[in-house]
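In: this is a predicted model, with the sequence first.
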Amino acid sequence: MADGVLSFPLTSFRADGSLDPDGFRAHVAAQIATAPGAVFPACGTGEFFSLDEEEYRTVVSIAVAEAGGRVPVVAGIGYGWAQAARFARVAEDAGADALLVLPHYLVAAPQEGLVAQLEEIAARTRLPLIAYQRGQVAFTADSLRRIAAIPTVIGLKDGHSDLDRLQRLTLAAPEGFLFFNGAATAEIQARAYATVGVPAYSSAVHAFAPEIANAFFAALKRGDEGDVGTVEKLLRDFYVPLVELRDRVPGYAVSLVKAAARLRGRPVGSVRAPLTDPSAGDLADLRNLLIAGLDLVGASL
């Protein structure tokens, strides 16, 4: 999965807020056509938190069908372990290859509880699990050793961007254990993550501008990072302004991505509450930034 950008497709909704299977099918097919390292349906960017079980089943099933075995499909699961296990069974029945365990709901928990959460889920599904530490979930090196000893726990996605902690975790992990950069707008910190042995990363930008995401990934892999290199130029002129725009309003990490996809004619619809669509002013700024970013890689809106 380190051989390409990791795709986190958006879940398509109709104008009335209902699931749009045809829209999602078109969107995920377009994502897979750009050869991502893997596709992660119904995760944070895909608004997992807003889906019921039947909608979730539809989304994962469509992703599996469109992937057709060409790339791994890693479905999101979450909440407490009992609900996570229910979603895991649905994903397993739908043909997913693995599961991303999103941070549990609401409460802070001690390390013993974080480990037990994964143990309980692993006991109820045969699918490989990738733990996601973000928000209230942060593993110590000792806990990492314990979850890595669970036979089906194969990796960790990190969203804290604490490179000191992350380096300790990578050193504590057994050989072959997977690590992923799951920071918001992961490209901003991709070089830093790579220095501690974590080159693979998810890309929200890939959901609306795979041309930009893939150009950045290719340049980073080449080591193109001079003063006028592709990596530096994309960071300075596209990714940093995008983060500044994203940080204006809570929830823009998803709703801004969805708005950008709509600007490109993608059939993804609006976000579901409690998220809100961008304001007219922010949407205009997003359009201008998107045009500029696409121009940097020789593409157009």
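Out: Received the coordinates, thanks. Owing to the predicted nature of the structure, the values given are computational and were not obtained by experimental measurement.
In: contacts for stretch 249-258, please.
Out: 10, 44-45, 47, 184-185, 204-205, 207-208, 242, 245-246, 268-271, 274-279, 282, 286 (CB atoms under 8 Å, 6 or more residues apart in numbering). For every residue, glycine as well, the C-beta is placed using N, CA and C.
In: try it again at 6 Å.
Out: 10, 45, 184, 204, 207, 208, 246, 268, 271, 275, 277, 278 (CB atoms under 6 Å, 6 or more residues apart in numbering).
In: that one: which residues count as buried?
Out: For stretch 249-258, burial by neighbour count (16 or more other CB atoms under 10 Å) applies to 252, 253, 254, 255, 256, 257, 258.
In: restrict it to CA atoms and write it as CSV.
Out: Taking Å, rounded to 0.1, in the frame of the first residue of the first chain, the C-alpha atoms of stretch 249-258 are listed here in CSV:
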residue,chain,number,x,y,z
VAL,A,249,-14.5,26.1,9.9
PRO,A,250,-14.8,22.9,11.9
GLY,A,251,-15.7,20.0,9.6
TYR,A,252,-14.2,21.5,6.5
ALA,A,253,-11.7,18.6,6.5
VAL,A,254,-14.6,16.7,4.9
SER,A,255,-17.1,19.3,3.6
LEU,A,256,-14.4,21.3,1.7
VAL,A,257,-13.2,18.1,0.1
LYS,A,258,-16.7,17.2,-1.0
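In: tell me what the longest helix anywhere in the chain is packed against?
Out: In the chain, assigned by DSSP state H, the helix with the most residues is helix 280-296. Applying 3 or more CB pairs under 6 Å, 6 or more residues apart in numbering; DSSP states H and E, one finds that helix 280-296 contacts helix 252-263.
In: and with 8 Å instead?
Out: helix 210-222, helix 230-234, helix 240-246, helix 252-263 (3 or more CB pairs under 8 Å, 6 or more residues apart in numbering; DSSP states H and E).
In: need these in TSV (columns: distance to residue 172).
Out: As requested, the helices and strands packed on helix 280-296 are exported to TSV (distance: least, CB to CB, whole Å):
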stretch	distance to residue 172
helix 210-222	26
helix 230-234	30
helix 240-246	30
helix 252-263	29
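In: out of those, which is the most enclosed?
Out: Comparing these by mean neighbour count (mean count of other CB atoms under 10 Å), helix 252-263 ranks first with a mean of 22.
In: now that one against helix 280-296, angle please.
Out: Computed by axes from the mean of the first three to the mean of the last three CA atoms, to 10 degrees, the angle separating helix 252-263 from helix 280-296 equals 70 degrees.
In: show me how far helix 252-263 is from its chain's centre.
Out: 14 Å (CA atoms, centre = their mean, to the nearest Å).
In: and if you look at stretch 19-30?
Out: 17 Å.
In: could you give the mean pLDDT of that stretch?
Out: Averaging pLDDT along stretch 19-30 yields 98.
In: what lies in contact with it?
Out: The set of residues external to stretch 19-30 that reach it, using CB under 8 Å, 6+ apart, is 9-14, 39, 41, 51, 55, 58-59, 62-63, 66, 210, 261, 266-269.
In: the longest helix of the chain vs helix 210-222, what angle?
Out: 50 degrees.
In: okay, buried residues for helix 280-296 please.
Out: Those would be 282, 283, 285, 286, 289, 290, 293, 294, 296, for helix 280-296 by 16+ other CB under 10 Å.
In: ditto for stretch 274-281
Out: 275, 277, 278.
In: contacts for that stretch?
Out: Outside stretch 274-281, the residues that reach it (CB under 8 Å, 6+ apart) are 47, 249, 251-252, 254-256, 258-259, 270-271, 283, 286.
In: quick check: end-to-end length of it?
Out: 20 Å (CA to CA, to the nearest Å).
In: centre of the chain to it, how far?
Out: Distance, centroid of stretch 274-281 to centroid of chain: 21 Å (CA atoms, centre = their mean).
In: of all the helices and strands packed on helix 280-296, which one comes closest to residue 134?
Out: Residue 134 lies closest to helix 252-263 among these, at 11.5 Å (CB to CB).
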